[in-house]
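Engineer: Okay, here's the prediction I keep looking at, along with the sequence it came from:
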Amino acid sequence: MEMSKIMIGAMRFKDRESARQTIHAAIDAGFNYIDTSPCYCYTSATDNSETWVGDAVNEGDYRSRVMMSAKCSPGNGGMGLGDFEPDTGFGVRSAEQLEQVFNQSLKRQNLDKFDYYHMWTTHTMEQFNEASKAGGWLDGVRKMSDKWDHLGITTHADTNTIIAFLASGLFETVTIPLNVVNRTRLGVLEYCSRNNIRVIAMNPLAGGFLASHDRLKELALRYLMSLHNVHLLIGFSAVEDVAYAKWIQDTMSECGMSTAEILAEVDSIVNSDEPRCTGCGYCAPCPQGINVGASLSYYNLYKYVKMESAKTSFQEKQWEDGLRLDKCVKCGLCSSRCPNALPLDKIIQDAKKVLYA
């Protein structure tokens with residue numbers, strides 16, 4: 001089965017029934033890949049995204065028309081390792097723990113195998129190396145190899161770290177944050193094109209806040225649709241979301257906009273005479289682990305487009321270490337590397353005052 005350009009993200013469902021309706025609508029629209037995890041929509045062992053997905057796909061012929069995935073993490077969801085949390089799939093660092101969580105996901109989704117299994121939220125080499133130890137995450141997933149077809153990795157790491165993960169040759173897919181205002185990982189796309197690795201773009205609407213601006217919402221999805229070897233992982237929460245994504249897909253040819261034209265319009269919306277970060281990513285890596293381009297995309301939209309939702313979304317995503325602008329120590333490295341010679345140290349200080357207010 002060929003992977004569809006648009007995929008079904010299963011972390012934003014409201015309840016079991018709306019999940020069922022939305023999943024059926026998405027599969028009927030031709031979207032044939034579902035991404036979920038043990039912790040999405042979790043309230044109990046029987047009431048969570050995985051069980052809702054399982055109920056939906058095991059009706060009628062839906063299972064035969066969709067590829068199913070699952071995942072668990074050697075880390076704690078952030079940059080650390082953390083303790084083993086079987087219910088939510090974090091801290092999985094032994095083969096025995098992997099088998100426990102893997103089988104838990106099979107049971108919740110009522111499946112006998114997965115099409116894809118992912119090393120989830122792996123953001124650092126420490127986490128990856130921990131997963132690679134003898135008797136660890138990788139050994140566990142290898143023991144379960146008769147119950148999955150393809151292996152992937154999901155990460156918020158910087159470009160060079162992601163490429164180091166992929167250079168292991170273990171993964172057929174990589175899921176990364178990528179959207180029209182956060183393009184700091186475009187170097188990953190070039191590597192994947194050369195090495196036949198599929199790219200899955202999570203956060204296509206920047207955690208949802210781009211959806212509050214009608215034109216930016218459309219441009220954000222059209223941007224990712226225009227990229228070769230990139231699949232959009234959209235967190236659907238209602239049938240209406242599916243219909244909108246289907247409209248985007250069906251009207252791409254008549255839209256007639258190139259990638260460059262889309263970016264030019266986005267730039268015109270974020271209109272300012274002030275020098276501002278374009279999210280190119282050339283300032284990386286930050287010694288504090290900050291993704292400067294991603295962080296300043298929220299600042300730009302809040303300051304120049306007056307999107308209150310950008311500030312709210314930034315504050316809600318402070319669990320992600322790459323967005324922790326408050327960790328900046330004014331070392332000046334990003335300013336020294338910026339190809340546009342921006343005074344990033346000063347811009348970051350202003351962004352901190354604005355976004356954390």
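Structural biologist: All right, it came through fine.
Engineer: Show me how far the helix of greatest length in the chain is from its chain's centre.
Structural biologist: Using DSSP state H, we find that the single longest helix of the chain is helix 95-109. Offset of helix 95-109 from its chain centre (CA atoms, centre = their mean, to the nearest Å): 22 Å.
Engineer: Pull out the buried positions in the helix or strand following it.
Structural biologist: Tracing the chain past helix 95-109, the next element assigned as helix or strand by DSSP states H and E is strand 114-119. Neighbour counts over strand 114-119 (16 or more other CB atoms under 10 Å) mark F114, D115, Y116, Y117, H118, M119 as buried. All C-beta atoms are positioned from the backbone trio N, CA, C, and that covers glycine.
Engineer: so strand 114-119 versus helix 95-109, what angle?
Structural biologist: 140 degrees (axes from the mean of the first three to the mean of the last three CA atoms, to 10 degrees).
Engineer: And the most centrally placed residue in the chain, how close does it get to K113?
Structural biologist: Geometric centre of the chain, nearest residue: M202, 2.7 Å, by CA atoms, centre = their mean. Applying CB to CB, to the nearest Å, the value for M202 to K113 is 24 Å.
Engineer: Equivalent analysis for H150, please.
Structural biologist: From H150 to K113 the distance is 11 Å (CB to CB).
Engineer: what about the two, which has more around it?
Structural biologist: With neighbours defined as other CB atoms under 10 Å, H150 and K113 compare such that H150 has more, 16 against 12.
Engineer: Run a quick neighbour tally on E316.
Structural biologist: Using other CB under 10 Å, the number of residues around E316 comes to 13.
Engineer: Contacts only, for the residue nearest to it when sequence neighbours are not counted.
Structural biologist: Spatially, and ignoring its direct neighbours in sequence, E316 is nearest to G207 (7.6 Å; CB to CB, 6 or more residues apart in numbering). By CB atoms under 8 Å, 6 or more residues apart in numbering, the contact list for G207 reads S313, E316, K317.
Engineer: Now render those residues as JSON lines, adding pLDDT.
Structural biologist: Below are the contacts of G207 laid out as JSON lines (pLDDT from 0 to 100):
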{"residue": "S313", "pLDDT": "90"}
{"residue": "E316", "pLDDT": "91"}
{"residue": "K317", "pLDDT": "88"}
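Engineer: What about these, which are in helices?
Structural biologist: Among those, the ones falling in helices (DSSP H) are S313, E316.
Engineer: my guess is the residue nearest to the centre of the chain contacts L233, does it?
Structural biologist: Yes - between M202 and L233 there is a contact under CB atoms under 8 Å: 4.8 Å.
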